[in-house]
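In: Model the following, please.
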Amino acid sequence: MIRIKVQYDASRRTFKLVDPEFKTILEGDGLYDLHVPTMDEEADMEEFIPPGNIVVAHAYSEQRNMTTKYVHDINEAAMDDELLQSKQQVLVDFWAPWCGPCRAMAPALEAAAEELQRSAKVFKINVDENPSVSPRFMLRGIPTVIVFKDGREASRLVGLASKEQIEALVIP
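Out: Take a look at the predicted model:
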């Protein structure tokens with residue numbers, strides 16, 4: 001979920017983004033479902049938001065699958081299996097679709113995963129879709145990258161990280 005400021009255009013029955021800092025977050029990221037807090041589903045948009053008024057709304061991305069060539073989505077159950085069975089180190093990126101730094105780090109994670117493909121398996125787990133992972137792994141913020149070796153945490157990095165910082169987490 002991303003909080004955004006929008007302006008309702010009654011003539012087109014559309015919303016216009018009015019907060020430019022969020023433009024790059026929203027562009028090229030699939031479809032969004034806009035939810036205006038407290039708005040009744042049956043209410044007429046023009047009654048709720050007079051034309052020209054600016055409101056803060058929430059945008060939910062329809063793009064959920066973040067699997068790429070080197071980084072794969074995983075859920076908690078599959079992650080447990082992977083941690084127990086993997087002979088390689090397992091690097092897990094804990095993220096959420098509304099998290100700007102998580103999305104900004106995706107290219108660095110992909111580049112690091114390409115470099116690490118022989119020494120580690122790289123996964124992403126959405127903390128919104130797997131809510132029990134946050135308390136289980138004591139996540140205090142996202143993005144958080146944890147490297148597991150022999151099923152146990154070996155290293156951790158919290159916050160936006162570069163390719164080099166991510167690669168450095170994997171123990172040779």
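
In: Stretch 149-162 - what's its average pLDDT?
Out: Average pLDDT, stretch 149-162: 94.

In: which of the residues in that stretch are buried?
Out: Using 16 or more other Cβ atoms under 10 Å as the burial criterion, the residues of stretch 149-162 that qualify are K149, L157, A161. No exception for glycine: its C-beta is placed from N, CA and C like everyone else's.

In: tell me the helices in the chain, going along the chain?
Out: Along the chain, the stretches classed as helices by DSSP state H are 23-26, 45-48, 76-85, 100-116, 133-136, 163-169.

In: quick one: which of those helices is nearest V145?
Out: Among the helices of the chain, the nearest to V145 by Cβ to Cβ is helix 163-169 (6.0 Å).

In: send the alpha carbons of stretch 138-151 over as CSV?
Out: Taking Å, rounded to 0.1, in the frame of the first residue of the first chain, the C-alpha atoms of stretch 138-151 are listed here in CSV:
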residue,chain,number,x,y,z
MET,A,138,12.4,-10.0,14.7
LEU,A,139,12.1,-7.6,11.7
ARG,A,140,12.1,-4.0,12.9
GLY,A,141,12.0,-2.5,9.4
ILE,A,142,12.0,-3.3,5.7
PRO,A,143,13.7,-3.9,3.5
THR,A,144,15.6,-6.5,5.6
VAL,A,145,18.0,-9.0,4.0
ILE,A,146,18.9,-12.1,6.0
VAL,A,147,21.4,-14.8,4.9
PHE,A,148,20.8,-18.2,6.3
LYS,A,149,23.5,-20.9,6.5
ASP,A,150,22.7,-24.5,7.5
GLY,A,151,19.2,-23.2,8.4
